[in-house]
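[1] can you look at this prediction? I've put the sequence above it.
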Amino acid sequence: MQFITPFLFLSAGILGDAFGKLFKVIWDGIKWVGNLLKKLLQGVVDIIIGFFEIIYALIDGLLYFLYKVGVLAVKLFMLLFETAKLLWALVVGFAKTLVSLVYSPRGSSDAAGYSEMLGKLFKSLSVLQIDVIAYILLFVIWMFTAVGAIKLISSIRVGGE
């Protein structure tokens, strides 16, 4: 039995080493196949990722463009709204000036027959005797301002000339 025991240990060691080397070769083969698949599929994965990055950049650019178009539309609306407010204020001012020219006879013979504001103006300027000239100049200034503003606004065209 003493002869068989070392032989069994020796044969078990040889078989263990053989199976260990066999499994190591098999494991190295599996790792090599895994690395090969990784290298082959990495290119495909990179192409797919690049494709989706391009799609994402296009969508991002399109949404940014739409955002800027919206900002431009709001700014244009604000500009037109403010221009309309300015034109309306000019028309109202011109109309108030024309309305103040209306003479409605009252009991007195002084300038009180005109609007209240002009009555005050006539009274304060009558001392210097330039009330009529000042009033005519005020009307002329309003008239030229209104005509100039209407010409300026009507000359604005979409797209230029």
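    Cool, the structure landed. Numbering: from 1, shown residues only.

[2] what helices and strands are in contact with the stretch of helix or strand Leu72 belongs to?
    Take DSSP states H and E as the rule and Leu72 turns out to sit in helix 4-100. The contact analysis (3 or more C-beta pairs under 8 Å, 6 or more residues apart in numbering; DSSP states H and E) places helix 4-100 against helix 131-155. (Glycine included, C-beta is placed from N, CA and C.)

[3] next, the angle helix 4-100 makes with the helix it packs on.
    Here the directions of helix 131-155 and helix 4-100 differ by 140 degrees (axes from the mean of the first three to the mean of the last three C-alpha atoms, to 10 degrees).

[4] give me the residue at the spatial middle of the protein.
    Val71 (3.1 Å; C-alpha atoms, centre = their mean).

[5] mind saving the C-alpha coords of stretch 79-94 as CSV?
    The C-alpha trace of stretch 79-94 is given here as CSV (Å, rounded to 0.1, in the frame of the first residue of the first chain):
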residue,chain,number,x,y,z
LEU,A,79,-42.7,96.8,-31.3
LEU,A,80,-46.0,97.0,-33.3
PHE,A,81,-48.0,97.4,-30.1
GLU,A,82,-45.9,100.3,-28.9
THR,A,83,-46.0,101.9,-32.4
ALA,A,84,-49.8,101.6,-32.4
LYS,A,85,-49.9,103.1,-28.9
LEU,A,86,-47.7,106.0,-30.1
LEU,A,87,-49.9,106.6,-33.2
TRP,A,88,-53.0,106.4,-31.1
ALA,A,89,-51.6,109.0,-28.6
LEU,A,90,-50.7,111.2,-31.5
VAL,A,91,-54.2,110.9,-33.0
VAL,A,92,-55.8,111.6,-29.6
GLY,A,93,-53.6,114.6,-29.0
PHE,A,94,-54.3,116.0,-32.5
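
[6] now that stretch: buried residues?
    90, 94 (16 or more other C-beta atoms under 10 Å).

[7] so for it, mean pLDDT?
    Per-residue pLDDT over stretch 79-94 has a mean of 87.

[8] give me the contacts around that stretch.
    Contacts with stretch 79-94, where a contact means C-beta atoms under 8 Å, 6 or more residues apart in numbering, come from 142-143, 145-146, 149-150, 153.
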